[in-house]
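Visitor: Structure of the sequence below:
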Amino acid sequence: MVVSEAGEARGCRASATMPFAAEFRRQASRRRTQLALGFMVLLPLIILIAFQFDSGDDDNGRNEFSSLVELATSGGLNFTLFSIFVSASFLLVVVVALFCGDTVASEASWGSLRYLLAVPVPRARLLTVKLVVALAYSGLALLLLAGTALLVGTLRYGWSPLRSTVAAELEPTEGLLRLLAVLGYLAVVLLVVAGLAFLLSVTTDAALGAVGGAVLLWILSSILDQITALGAVRDFLPTHFSTAWLGLLSTPVQTDDVVRGCVSAISYATLFWGLAFWRFTRKDITS
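Guide: Okay, the predicted model is just below:
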């Protein structure tokens, strides 16, 4: 087979190989995709049911959390905010790591990666399509969580102003816009997890190792960020601005840390994706 300098086989157009729609449908048929997206829909329902069984009699040791619960049951927007709050620090990290860490490593573990490249699909094209599909499903998971929470919360608690512990009461329309801004910022922050998981995915044949490694490194960064003795070093940790979305709920809106968080997240994600492409286009594919 004759290969051009661009990595394409002669007579083969790279853009015609491995269509995005075909890969999207292929990933949709996988059980892990169905379970992950299904759980995003199920979680708000579980929280809603849990609230119905909460008598509110036992508040020992949970005063701060109980105040958040009271806010959550005051309207659909507040219920959505609560669902995002309890999911952002861990659950969403796991889901994004699953979609982005499993995408290449699983092909290698099944022994199908070399056959995809033999179609022939240029390596850069394969990685690009898989990354875009993984990001698309990660974004879909975030939207499903927020959308389901907003739907069931509004049906149960009504369409009321958005309230939080860091802001004055916001009218429903403005509150909805603030929630959309929060989702947008979380999507940007989670690009770091996506980039790290994707980098690990192209360096190992074990999908579980790529997913677990990304989650563990994120947790490690979160722990280090709590150590004040590190001083200014903490500003360079990828998790340092992970909760800056709270500033989007304040009155007036605080955007300084949001901007810093976006710059940090995009920089880390770009670095990890660049290393992933550099590594994959130079490694020997034997599985």
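Visitor: Okay, helices next: where are they in the stretch 101-250 of the chain?
Guide: 113-117, 123-157, 172-189, 191-203, 207-225 (DSSP state H, counting those that start in this stretch).
Visitor: Single out the most deeply packed of the ones you listed.
Guide: helix 191-203 (a mean of 27; mean count of other CB atoms under 10 Å). The way it works is simple: take the backbone N, C-alpha and C, and place the C-beta from them, glycine included.
Visitor: And what about the residue nearest the centre of the chain, helix, strand or coil?
Guide: The residue lying closest to the centre of the chain (CA atoms, centre = their mean) is residue 96, at 3.9 Å. The three-state assignment at residue 96 reads helix, by DSSP: H, G, I helix; E, B strand; the rest coil.
Visitor: Test my guess that it contacts residue 189.
Guide: No: using CB atoms under 8 Å as the test, residue 96 is too far from residue 189 to be in contact (9.9 Å).
Visitor: Low-confidence regions, the stretch 51-200 of the chain specifically.
Guide: 54-67, 109-121, 165-168 (pLDDT under 70).
Visitor: gap between residue 169 and residue 216?
Guide: Look at residue 169 and residue 216: by CB to CB, to the nearest Å, they are 40 Å apart.
Visitor: re earlier: how about the contacts made by the residue nearest to the centre of the chain?
Guide: Residues near residue 96 by CB atoms under 8 Å, 6 or more residues apart in numbering: 138, 141, 190, 193-194, 197.
Visitor: what helix or strand does residue 275 sit in?
Guide: helix 256-280 (DSSP states H and E).
Visitor: Quick check: buried residues in that helix?
Guide: 257-258, 261-262, 264-265, 268-269, 272-273, 275-277, 280 (16 or more other CB atoms under 10 Å).
Visitor: and if you look at stretch 26-46?
Guide: Going by 16+ other CB under 10 Å, stretch 26-46 has these buried residues: 27, 33, 36-37, 40-41, 43-44.
Visitor: Show me which of these is closest to residue 154.
Guide: Set against residue 154, the nearest of these by CB to CB is residue 44 (11.1 Å).
Visitor: How about residues contacting the host helix or strand of residue 49?
Guide: Using DSSP H and E, residue 49 falls within helix 31-52. Applying CB under 8 Å, 6+ apart, the set of residues contacting helix 31-52 from outside is 27-28, 69, 72-73, 79, 82-83, 86-87, 91, 95, 98-99, 102, 137, 140-142, 144-145, 148-149, 152-153, 156.
Visitor: give me every residue that touches residue 84.
Guide: By CB under 8 Å, 6+ apart, the contact set of residue 84 is 145-146, 149, 179, 182-183, 186.
Visitor: Show me which residues of stretch 90-100 are buried.
Guide: The neighbour-count check on stretch 90-100 (16+ other CB under 10 Å) flags 91-100 as buried.
Visitor: Quick check: the farthest pair among the contacts of residue 96?
Guide: Top of the distance list for the contacts of residue 96 (CB to CB): 141 and 197, 13.7 Å.
Visitor: What distance do you get for residue 190 to residue 108?
Guide: From residue 190 to residue 108 the distance is 24 Å (CB to CB).
Visitor: out of the two, which sits in the busier spot?
Guide: Taking neighbours as other CB atoms under 10 Å, residue 190 and residue 108 compare with residue 190 leading, 26 against 20.
Visitor: still on that earlier bit, need the CA coordinates for the helix holding residue 49. PDB is fine.
Guide: Provided in PDB are the C-alpha atoms of helix 31-52 (Å, rounded to 0.1, in the frame of the first residue of the first chain):
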ATOM      1  CA  ARG A  31     -23.700  -0.800  26.800                       C
ATOM      2  CA  ARG A  32     -21.400   1.600  28.700                       C
ATOM      3  CA  THR A  33     -22.800   4.500  26.700                       C
ATOM      4  CA  GLN A  34     -26.400   3.500  27.300                       C
ATOM      5  CA  LEU A  35     -25.800   2.900  31.000                       C
ATOM      6  CA  ALA A  36     -23.900   6.200  31.500                       C
ATOM      7  CA  LEU A  37     -26.500   8.300  29.700                       C
ATOM      8  CA  GLY A  38     -29.300   6.400  31.400                       C
ATOM      9  CA  PHE A  39     -27.900   7.100  34.800                       C
ATOM     10  CA  MET A  40     -27.700  10.800  34.000                       C
ATOM     11  CA  VAL A  41     -31.500  10.700  33.500                       C
ATOM     12  CA  LEU A  42     -32.000   8.400  36.500                       C
ATOM     13  CA  LEU A  43     -30.000  10.500  39.000                       C
ATOM     14  CA  PRO A  44     -32.400  13.500  39.300                       C
ATOM     15  CA  LEU A  45     -35.300  11.000  39.800                       C
ATOM     16  CA  ILE A  46     -33.400   9.300  42.600                       C
ATOM     17  CA  ILE A  47     -32.700  12.700  44.200                       C
ATOM     18  CA  LEU A  48     -36.400  13.600  43.900                       C
ATOM     19  CA  ILE A  49     -37.500  10.300  45.500                       C
ATOM     20  CA  ALA A  50     -35.000  10.700  48.300                       C
ATOM     21  CA  PHE A  51     -36.400  14.200  49.100                       C
ATOM     22  CA  GLN A  52     -39.900  12.700  49.400                       C
END
